[in-house]
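Student: model the following, please.
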Amino acid sequence: MMRIKPSLPHSSEIVNLVSPKSSYIFQIGQDKLQGLDFDAIFNSCTNFGACETLQIFEDLFGVPVVTSNQAFI
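Tutor: Numbers count the residues shown, from 1 in each chain. Okay, here's the model as predicted:
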């Protein structure tokens, strides 16, 4: 059996990814996307609090934010 070591440096980071608050999602999105040029944001995982940040990201970056649930419909 092979063990796979998590790529995240701290176990607290893993907990944050399992049950993130919308403020955490917003901070990561803002940090990673600020200064980049893109036409839209695709959120492929909508089973957590990211839905609360959709309008905030649309307003901040001026691009549409599409979730996997919206794309499916």
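
Student: show me what counts as buried in the lengthiest helix in the chain.
Tutor: Looking across the chain with DSSP state H, the single longest helix is helix 22-33. For helix 22-33, a neighbour-count test (16 or more other CB atoms under 10 Å) marks Y24, I25, F26, G29 as buried. To be clear about C-beta, it is placed using only N, CA and C from the backbone, and glycine gets the same treatment.

Student: what segments of this structure are strands?
Tutor: Counting by DSSP state E, one finds strands in the chain at the ranges 41-43, 65-67.

Student: and those: which comes nearest E58?
Tutor: When the strands of the chain are compared by CB to CB, strand 65-67 sits nearest E58, at 5.1 Å.

Student: would you map the helices across this protein?
Tutor: Here the chain has its helices, by DSSP H, at 11-18, 22-33, 54-61, 68-72.

Student: mean pLDDT added to these, as a markdown table?
Tutor: A markdown table is the format used below for those (pLDDT from 0 to 100):
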| stretch | mean pLDDT |
| --- | --- |
| helix 11-18 | 55 |
| helix 22-33 | 85 |
| helix 54-61 | 91 |
| helix 68-72 | 78 |
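
Student: between those helices, which gets nearest to I41?
Tutor: Going by CB to CB, the one of these nearest I41 is helix 54-61, 5.7 Å.

Student: hmm, who's touching that closest one?
Tutor: Under the contact criterion CB atoms under 8 Å, 6 or more residues apart in numbering, helix 54-61 has outside partners F26, G29, Q30, L33, F38, I41, N43, P64, V65, T67.

Student: and the furthest pair within the residues you listed?
Tutor: Taking CB to CB, no two of the contacts of helix 54-61 sit farther apart than Q30 and T67, at 18.1 Å.

Student: related to what we said a few turns ago, okay if I get the contacts of helix 54-61 as a markdown table plus distance to I56?
Tutor: Shown next, in a markdown table, are the contacts of helix 54-61 (distance: CB to CB, whole Å):
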| residue | distance to I56 |
| --- | --- |
| F26 | 6 |
| G29 | 9 |
| Q30 | 9 |
| L33 | 12 |
| F38 | 16 |
| I41 | 11 |
| N43 | 12 |
| P64 | 13 |
| V65 | 9 |
| T67 | 14 |
